[in-house]
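**Q** Could you look at this predicted model? Sequence included:
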Amino acid sequence: MTRSQLNPMPVYFDRYINLCDDVTLPEAIQTSLDELDQFPLETWKALGDKVYAPGKWTVKDILQHLIDTERIFGYRALSFARGESQRMPSFEEDVYALAAQSSTRSMESLVDELRTVHLSFLSLMKSFTPDMLQKAGMGFKGEYTVAAIGFCMPGHQRWHMNVLKERYYPLLDG
């Protein structure tokens, strides 16, 4: 299955899914792994704790958010694939970000953990049959399929990398 074959496309998560290339699900996740090697760690270190507006996350907070979100959505994908019928609970991402204390970690450790989570997520998605990928469940933003979750995570990473480029990198010019 490729990204363009997703049907139905979940309304809220389409913003992330549509950032994926139109490739198979394993290829999309592998691309997100490959993109980790292109992360500009020195630029991120230079940004330090700078944020573009009060209350926004630091680069480390964003990396931790990617890790936490992929773990949560991995659980949701597993639940849906196994036939869970209960609505999945939401999570308060700002509370998670604060509790994670990512500022105490190195940039390298966060990227290494993100790589590990991506590899685990890739294995999980590869373990699902085509029928399992089509199973849907209820989340806090409505119904979506296991396959939609699979494409959402690489797109979610790209979404946040775009935010860094557009809103954080200009902070280094001033």
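**A** Yep, it's here.

**Q** what helices or strands is the lengthiest helix in the chain leaning on?
**A** If you go by DSSP state H, the chain has its longest helix at helix 59-81. With contacts defined as 3 or more CB pairs under 8 Å, 6 or more residues apart in numbering; DSSP states H and E, the packing partners of helix 59-81 are helix 93-100, helix 107-127, strand 136-139, helix 146-163. Backbone N, C-alpha and C define where each C-beta goes, glycine included.

**Q** Next, the buried residues of the first one.
**A** Applying a neighbour-count criterion of 16 or more other CB atoms under 10 Å, the buried positions in helix 93-100 are 96, 97, 100.

**Q** Flag the shaky bits of this structure, pLDDT-wise.
**A** Across the chain, residues meeting the criterion (pLDDT under 70) sit at 174.

**Q** on that earlier part again, export the longest helix of the chain to CSV, keeping only CA atoms.
**A** What follows is helix 59-81, C-alpha atoms only, in CSV (Å, rounded to 0.1, in the frame of the first residue of the first chain):
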residue,chain,number,x,y,z
VAL,A,59,14.5,21.5,19.8
LYS,A,60,15.0,18.9,22.5
ASP,A,61,11.4,19.1,23.5
ILE,A,62,10.4,18.6,19.9
LEU,A,63,12.6,15.5,19.6
GLN,A,64,11.1,14.1,22.8
HIS,A,65,7.6,14.8,21.5
LEU,A,66,8.4,12.8,18.3
ILE,A,67,9.6,9.9,20.5
ASP,A,68,6.6,10.0,22.8
THR,A,69,4.0,10.4,20.0
GLU,A,70,5.5,7.5,18.0
ARG,A,71,5.3,5.3,21.0
ILE,A,72,1.7,6.2,21.7
PHE,A,73,0.6,5.8,18.1
GLY,A,74,2.5,2.5,17.9
TYR,A,75,0.3,1.3,20.8
ARG,A,76,-2.8,2.6,19.0
ALA,A,77,-1.8,0.8,15.8
LEU,A,78,-1.2,-2.5,17.7
SER,A,79,-4.5,-2.1,19.5
PHE,A,80,-6.5,-1.5,16.3
ALA,A,81,-4.7,-4.3,14.5
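
**Q** Name the residues of it that come out as buried.
**A** Under 16+ other CB under 10 Å, the buried positions of helix 59-81 are 59-70, 72-74, 76-81.

**Q** One more: stretch 41-59?
**A** 44, 47, 51, 57, 58, 59.

**Q** how about the nearest residue to the third one, chain neighbours excluded?
**A** It stands for residue 51. Nearest non-adjacent residue to residue 51, counting by CB to CB, 6 or more residues apart in numbering: residue 58, 6.1 Å away.

**Q** these two touch, right, the one you found and residue 50?
**A** Yes - counting by CB atoms under 8 Å, residue 58 does reach residue 50; the two are 7.4 Å apart.

**Q** All set now, cheers.
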